[in-house]
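# How does the following fold in three dimensions:
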Amino acid sequence: LGDFQQAATYAAYAHGLVLYDKADFANAEPYFAKTQGFMYGQQRYLYCHANVLQAAGTFSEAAATYLQLGEYEDAPARAAYCTARAAEDAQDYETALFDYASAGTYADAAARLDNLQTQVYDHAMQLKATKNYEKALNWFALLGDYFDSQAQAKQCKDFFREQRYNQADAAAQQGDLKQAYDIFSGLSGYRDADTRTNELAKQLNINTDTE
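Prediction:
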C-alpha cells in the first residue's frame, strides 16, 4: 500500500510488535524509533532502547531510560535492578542493597541481594574483629534486619563508645584537655561523658550556655 493512509507506519509498528512480543528488543527498537508518534510507539521504543542498554551492561543509562517510562510494564523493577547493578559496580553498596530489594523477583535481583548482603556482613565482621568498630557499625547499619546485623550494630556502637571514652580519658590524663573535651562532647549520654564534658569546658573556659 505504500504510504496510503499511513500504511507504512502501521507496517513498521506491526513489525515492531511481532519482535517485541518475542522479546527481541534489539531488532524491535528501530521499528518503534520510526513510530514514536504513533499509538504506544514512544513507550515501546524507550523500553526496547533501555533493554538494549541493559544487555550491553550500561546500567546507569538503562536505569535512566526505564525511569522515563514510569509504571509502564515492569519498567520500575528493571530501573531498580539496573540502578543496583550500577551502584554495585561503583561499590555504592547502600544504594545497591536498597534497589536490589526494590527490584523484588525481577531477574536475579534476589540472588544478587543475598550475595551482596553476605559480602557486606562478612566485611563488617572482619572490621569488628580488628576493633574498627566505627566502620563496622556503618556496614552493619546498611544491612537493616539481615541476620543479626542489628545486634551486631548495637554491640559495635557500645564498643566504639567505650573505645572513644578511653581515648578521651587518656587525653585528659596527658593534659590534652581540648582533645578530651572534643571526644567527651561527642559521647553525650554515655557513662559520665556529659559530666566530664562540663568539667573540661570550665577548665578550658568554654561557654556551654545555649541560650
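# Report the contact partners of residue 157.
For residue 157, the contact set (Cβ atoms under 8 Å, 6 or more residues apart in numbering) comprises 133, 137. All C-beta atoms are positioned from the backbone trio N, CA, C, and that covers glycine.
# all helices for this protein, in order.
Taking DSSP state H, the helices of the chain run over residues 7-21, 25-33, 41-55, 59-67, 75-89, 93-103, 109-129, 133-142, 149-173, 177-185, 193-203.
# Including mean pLDDT, could those go into JSON lines?
Listed next are the helices of the chain as JSON lines, based on pLDDT from 0 to 100:
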{"stretch": "helix 7-21", "mean pLDDT": "94"}
{"stretch": "helix 25-33", "mean pLDDT": "97"}
{"stretch": "helix 41-55", "mean pLDDT": "97"}
{"stretch": "helix 59-67", "mean pLDDT": "98"}
{"stretch": "helix 75-89", "mean pLDDT": "98"}
{"stretch": "helix 93-103", "mean pLDDT": "96"}
{"stretch": "helix 109-129", "mean pLDDT": "97"}
{"stretch": "helix 133-142", "mean pLDDT": "94"}
{"stretch": "helix 149-173", "mean pLDDT": "94"}
{"stretch": "helix 177-185", "mean pLDDT": "92"}
{"stretch": "helix 193-203", "mean pLDDT": "92"}
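# Would you mind finding the most buried of these?
Mean neighbour counts were compared across the helices of the chain using mean count of other Cβ atoms under 10 Å; the top stretch is helix 75-89, at a mean of 22.
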